[in-house]
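# Return a 3D structure for these sequence lines:
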Amino acid sequence: SLAFMGELVFEKPLGKSSPPIALIPYLNTLAQKDFVAKATDSRIKVGGDAKIGIGNGMILDITANPDFSNVEVDDIFTNLTRFELFLPEKRQFFIDNNDLFGSFGSSLDAIPFFSRRVGLARDTLGSLIENRIIGGTRLSGKLDDNWRLGLLNIQTAEDAPNEIASNNNAMIAVQRKVFSRSNIGAF
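You can find the predicted model right below:
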């Protein structure tokens, strides 16, 4: 049992560790050929993510031209109501500390910030289509034992054929621990 464990004492103090940094670049290629129309198309997409530890409890996430192709596919639902479905977020950039941004409101009333809406827009016919994310940054984590902070900024691309302007999505959230099991938050 961990309750009966002793205190761990080192002969020498532990050395100062460098902040954790993770760089995740990617290269995505597409080549296709239409033998009937005798047309070929090839594209190369380059981007990446970075995670940088700041202090003991904060993480800075940066993404440029993100690729969400490795995200698990959503379950299929038939929605016969006029209300939107709220499926869980599965894109890696939005998952870490997502409770800090998405804990406002309720699914019965309204959710002021729902990360699944980032990267979606309505075209000229009113249909919901993908709006490419150019890049974004997120700084989130614990400032100390009582305070948590989250800053999120995402930029989406312009889509002229569908009359969709470039869009910036930003949110700031702060949370304070109150008593032993409660917290107060603002965004």
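# partner strands of the strand ranked longest in the chain, parallel or antiparallel?
Looking across the chain with DSSP state E, the single longest strand is strand 39-54. Each strand that pairs with strand 39-54, with its direction, by DSSP bridges: strand 21-34 (antiparallel), strand 58-64 (antiparallel).
# in the last one, what's buried?
Across strand 58-64, burial judged by 16 or more other C-beta atoms under 10 Å covers Met58, Ile59, Leu60, Asp61, Ile62, Thr63. The way it works is simple: take the backbone N, C-alpha and C, and place the C-beta from them, glycine included.
# Excluding chain neighbours, what is closest to the first one?
In space, and not counting its chain neighbours, Met58 is closest to Gly141: 3.9 Å by C-beta to C-beta, 6 or more residues apart in numbering.
# Is it correct that the one you found is in contact with Gly57?
Yes. Counting by C-beta atoms under 8 Å, Gly141 touches Gly57, with 4.5 Å between them.
# Those two: who's more crowded?
Set side by side, Gly141 and Gly57 show more neighbours around Gly141, with 19 against 15, by other C-beta atoms under 10 Å.
# what helices or strands is whichever helix or strand that one is part of leaning on?
If you go by DSSP states H and E, Gly141 is part of strand 133-142. Judged by 3 or more C-beta pairs under 8 Å, 6 or more residues apart in numbering; DSSP states H and E, strand 133-142 is in contact with strand 58-64, strand 147-156.
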